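Engineer: Requesting a structural model of the entry that follows:
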Amino acid sequence: MEPVFVDPPVSGPRPAGPLSKRPQRILAAVLVLVVVTAIVVPSRGWMSEIVALLLLLMAVLVNAAAFGFWPGLGSALVALAVFNFFFVEPHLSLMAAQPQDMVVLLAFLTAAGLTGFLAGRMREQVDSARDRAVVLEVLSSASGALGRAASEEQILDTVIRHVTTLSDAPVALLSRSAAGLIPAPGSLKPREADLQAAEQALIRGRVEMAIADGWTGSHLTFHPLPLGAAARHAVGHRLPEAVDRDTGYREQAIDNVLRQAGAALERLELGRKASEEREISDRQALRAALLSSLSHDLRTPLATILGSVTTLRDLRDSLPPEAQEDLLSATSEEATRLARYVENLLQMTRLLTGASVALHPVEPADCARAAASRAQRAFPGAAITADLPDLPLVMAEAGLVEQVVFSLIENAKAYAPGPVLVTGATDGPDVRLEVQDLGPGLPDAVLTWLATPDLTRGEEKSGLGLPICKGIAQLLGGRLEARPGPGARLALILPAASAGGGGLA
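Structural biologist: Below is the predicted model of the structure:
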């Protein structure tokens, strides 16, 4: 498997973990109490007890609303101690001399406790709602990314980024290989216990839960991807820790992302198998078309050649010179036709075997001119015109480009007697070589077939010319296209060569 690099977490607010936020909350709550105490204590000579109580109660309310229930409750106890120590006789002690003072302290504690409880609960509900919104955003982002993923590497990268965000901790990704379990670069480096837990998850095809604190084993929960015996990857993460609120929905979100990732991996595998089966089916259909074409296209030239040769051999002395010349011409024409057909068979066999070609920069206009000249020699007297400007280079094989253009010209001559025009032009980043005739145009079945990736037309006695042209175009990274217009207009479209391009297809 290629390396999977971990990108930054998904966009949007990423809340810090509860453990990292709690010390900050406590320090902030203490700071608020210190500020209020610094205000009320020096002013106790002229400030009434009611004002002091209200200021301390305000501090409790601020801490509870801003930092949650527990900081609010702690602030209430500290505020009670401050008021008792500085404002209730005897001063500078936690004792109360008068019964009414005890009533005041008890009322203050009740009011502060209720205020802290209500404000704290509201704060926790706000935090929980915000956290759930972030989780939903991450789930939506993960679903979209997994739905768009076109490779296994993209799926695994999506898993690492989103599970890292949901668990608020690094994620370990281990992939099965011949050398054992290989950690992905950028993910958490596993310990020996983690490797063992991941191996168990892959062998059993189910989730391997993390060990409890204080026990020996892996502290990561490992999920096999995909679930079941076909698992090839193991994703290990720490469960989100809930210190002051429930975060069980984050565990459910992590499980949901991993299940979607498993389904995406299975989708890719099914797509790969379907592509292989489709390719096998296409090749079988192409073989059937070849067999059908053998009986159709070989019979006529072979019969003509055999009849001509037999007649010349048996009746040569009794035939006039003109008849002998006609038989020899027919034999030559049918032999040429048979040679072209055998060449088509060889080209189609090359396509069937999935041959690769060496691509290098070629002049498409030169290839088209060569094909037009070759067609002019093959069809003496035919009106074949090549109007080709200078065109950008394309990455191709010159012989194959010439073969496609020649086959298109031959097809035009076979089905639309009359002038044939070969033109060329640029079409955005592509180069277009077009063959146009003035015949009745292409049948609807052929137009529909050209718009599909299939090489075979599914018709008996359909010939091999256009399927070979289409197969060569796909082999060169281009396509065969039909355009509306007078007659038939068939074009070979190839991408223009990039600067410094080259290589193998």
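
Engineer: So which residues of this protein form helices?
Structural biologist: Ranges of helices in the chain, per DSSP state H, are 18-40, 49-67, 69-87, 99-148, 152-167, 192-204, 248-297, 299-315, 321-352, 364-378, 398-415, 444-450, 465-475.

Engineer: Between helix 99-148 and the first one, find me the angle.
Structural biologist: Compare the direction of helix 18-40 with that of helix 99-148 by axes from the mean of the first three to the mean of the last three CA atoms, to 10 degrees and you get 150 degrees.

Engineer: re the thing from before, could you dump the helices of the chain into TSV and include mean pLDDT and mean neighbour count?
Structural biologist: C-beta: built from backbone N, CA, C; applies to glycine. Putting the helices of the chain into TSV (pLDDT from 0 to 100; neighbours: other CB atoms under 10 Å) gives the following:
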stretch	mean pLDDT	mean neighbour count
helix 18-40	71	15
helix 49-67	76	20
helix 69-87	74	21
helix 99-148	76	16
helix 152-167	84	23
helix 192-204	84	18
helix 248-297	76	15
helix 299-315	80	14
helix 321-352	74	15
helix 364-378	87	19
helix 398-415	83	22
helix 444-450	81	14
helix 465-475	79	22
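
Engineer: Now the ones you listed in a markdown table, please, with extra columns for distance to Leu225.
Structural biologist: A markdown table is the format used below for those (distance: least, CB to CB, whole Å):
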| stretch | distance to Leu225 |
| --- | --- |
| helix 18-40 | 28 |
| helix 49-67 | 39 |
| helix 69-87 | 39 |
| helix 99-148 | 11 |
| helix 152-167 | 7 |
| helix 192-204 | 9 |
| helix 248-297 | 5 |
| helix 299-315 | 57 |
| helix 321-352 | 37 |
| helix 364-378 | 46 |
| helix 398-415 | 42 |
| helix 444-450 | 40 |
| helix 465-475 | 34 |
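
Engineer: Ok, which of these comes nearest His219?
Structural biologist: helix 192-204 (8.0 Å; CB to CB).

Engineer: Give me the distance from that closest one to the chain's centre.
Structural biologist: From the chain centre to the centre of helix 192-204 is a distance of 28 Å (CA atoms, centre = their mean, to the nearest Å).

Engineer: which residues sit in contact with the residue most central in space within the chain?
Structural biologist: Nearest to the geometric centre of the chain sits Ala149, at 2.2 Å (CA atoms, centre = their mean). Contact analysis of Ala149 by CB atoms under 8 Å, 6 or more residues apart in numbering lists 155, 158, 264, 268.

Engineer: Which two of the residues you listed have the greatest separation?
Structural biologist: Pairwise distances across the contacts of Ala149 peak at 12.7 Å for Thr158 and Leu268 (criterion: CB to CB).

Engineer: thinking again about what came up before, ok, of the contacts of Ala149, which one's closest to Met102?
Structural biologist: Set against Met102, the nearest of those by CB to CB is Thr158 (62.4 Å).

Engineer: so that closest one makes contact with Gly144?
Structural biologist: No: applying CB atoms under 8 Å as the test, Thr158 and Gly144 come out as separate, 9.4 Å apart.

Engineer: Hmm, Arg161 and Ala186 touching each other?
Structural biologist: To be clear, residue 186 is Gly; Ala isn't right here. No: taking contacts as CB under 8 Å, Gly186 lies outside contact range of Arg161: 10.2 Å.

Engineer: ok, the nearest residue to Pro486 once chain neighbours are set aside to Val420 distance?
Structural biologist: Distance criterion CB to CB, 6 or more residues apart in numbering; nearest residue to Pro486, sequence neighbours excluded, is Leu438 at 6.2 Å. Here Leu438 is placed at a distance of 9 Å from Val420 (CB to CB, to the nearest Å).

Engineer: quick one: which of the two has more around it?
Structural biologist: Shown here are Leu438 and Val420; by other CB atoms under 10 Å, Val420 has more neighbours (28 against 17).

Engineer: who's the more buried one bridged to?
Structural biologist: Beta-bridge partners of Val420, counted by DSSP bridges, are Ile384, Asp437.

Engineer: surely it meets Ala382?
Structural biologist: Yes: counting by CB under 8 Å, Val420 touches Ala382, with 7.0 Å between them.

Engineer: Quick check: neighbours shared by the two?
Structural biologist: Common neighbours of Val420 and Ala382 (CB under 8 Å, 6+ apart) are 375, 413.

Engineer: Got the domain ranges for the chain?
Structural biologist: Annotated domains of the chain cover 1-168+250-287, 169-239, 298-352, 358-499 [automatic domain parsing].

Engineer: which non-adjacent residue is nearest Leu302?
Structural biologist: Leaving aside its chain neighbours, Leu302 sits nearest to Leu338 (7.1 Å; criterion: CB to CB, 6+ apart).

Engineer: likewise Ala416?
Structural biologist: Setting aside the residues directly before and after it, Ala416 is nearest to Gly439 in space (CB to CB, 6+ apart), at 2.3 Å.

Engineer: for Gln200, same thing?
Structural biologist: Among residues not flanking Gln200 along the chain, Glu208 sits closest, at 5.1 Å (CB to CB, 6+ apart).

Engineer: Please report the confidence value the model assigns to that neighbour.
Structural biologist: Per-residue confidence (pLDDT) for Glu208: 82.

Engineer: buried ones in stretch 414-430?
Structural biologist: For stretch 414-430, a neighbour-count test (16 or more other CB atoms under 10 Å) marks 415-416, 420-424, 430 as buried.

Engineer: chain center to it: distance?
Structural biologist: Centroid displacement of stretch 414-430 relative to its chain, using CA atoms, centre = their mean, is 37 Å.

Engineer: gap between the two ends of that stretch?
Structural biologist: Length of stretch 414-430, first residue to last, CA to CA, to the nearest Å: 28 Å.

Engineer: from now on call the first residue 629
Structural biologist: Yes, from this point I'll number from 629; that puts the last item at stretch 1042-1058.

Engineer: Need the contact partners of that stretch.
Structural biologist: For stretch 1042-1058, contacts defined as CB under 8 Å, 6+ apart pick out 992-993, 996, 999-1000, 1003, 1010-1017, 1019-1020, 1033, 1037, 1040-1041, 1059-1068, 1106, 1115-1116, 1121-1124.

Engineer: Now list the buried members of those.
Structural biologist: By neighbour count, with 16+ other CB under 10 Å, those hold 992-993, 996, 999-1000, 1003, 1012, 1014, 1016, 1019-1020, 1033, 1037, 1040-1041, 1059-1067, 1106, 1115-1116, 1121-1124 as buried.
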